[in-house]
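Enquirer: Build the 3D model from these lines:
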Amino acid sequence: MRIKLIAPCGMNCGLCMAYLRDKKNCPGCRSTEINPFKSCNNCTIKNCEHLEKKNLKYCSSECEKYPCPRLKNLDKRYRAKYSMSMIDNLDTIVNTGIFNFIALEKQRWIRENMVYCVHNKQYYDSKKIEDILKK
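Expert: Prediction:
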């Protein structure tokens, strides 16, 4: 999994339905490509002034607002709907480092070169698997 696929909120973009689909896909939150999704471009977490001001790559306790209401709401929704936690992801990044987090994500979500999509709970034989698996 590539570091660029881990969003500032802790989402692994490589598991997102918008990223995995073949047509009109999202390039991921950190991509320099034009993102066709307004919701991603206008994301308050991705564009957080506190992240920019403190030069942080991810939300963390280094920010006095952590976890902010937006992150708490996102975490609550993802826990309920998709059985994953942005805050747990971010805490794992802080506690073990990004490379260990990525290794854990590979173990958790990738099987036989197929990647699990958290949004529709299916494994994809994605054309992007090579990009997802790059370091």
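Enquirer: Could you point out which residue ranges in this protein have low pLDDT?
Expert: Counting by pLDDT under 70, the chain shows low-confidence ranges at 126-135.
Enquirer: where do the helices sit along it?
Expert: For the chain, the helices defined by DSSP state H cover 17-20, 38-41, 49-54, 69-82, 86-96, 98-109, 129-133.
Enquirer: ok, now which ones touch residue 107?
Expert: Going by Cβ atoms under 8 Å, 6 or more residues apart in numbering, residue 107 touches no other residue. C-beta: built from backbone N, CA, C; applies to glycine.
Enquirer: ugh, typo on my part, it should be residue 96
Expert: In this structure, residue 96 makes contact with residue 104, judged by Cβ under 8 Å, 6+ apart.
Enquirer: Distance check, it against residue 115.
Expert: If you measure residue 96 against residue 115 using Cβ to Cβ, to the nearest Å, the figure is 21 Å.
Enquirer: before we move on, what about residue 84?
Expert: Counting by Cβ to Cβ - residue 84 and residue 115 are separated by 14 Å.
Enquirer: ok, residues contacting stretch 117-126?
Expert: Applying Cβ under 8 Å, 6+ apart, the external contacts of stretch 117-126 come out as 15-17, 20, 78, 82-84, 109, 111, 113-116, 132.
Enquirer: residues near residue 110, how many?
Expert: Counted with other Cβ atoms under 10 Å, residues neighbouring residue 110 total 18.
Enquirer: So it sits against residue 102, correct?
Expert: No: taking contact to mean Cβ atoms under 8 Å, the distance of 10.9 Å between residue 110 and residue 102 leaves them out of contact.
Enquirer: ok so, going back, okay, the helices of the chain in CSV with distance to residue 29 next?
Expert: Supplementary listing: the helices of the chain in CSV, determined by distance: least, Cβ to Cβ, whole Å:
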stretch, distance to residue 29
helix 17-20, 9
helix 38-41, 6
helix 49-54, 12
helix 69-82, 13
helix 86-96, 12
helix 98-109, 14
helix 129-133, 14
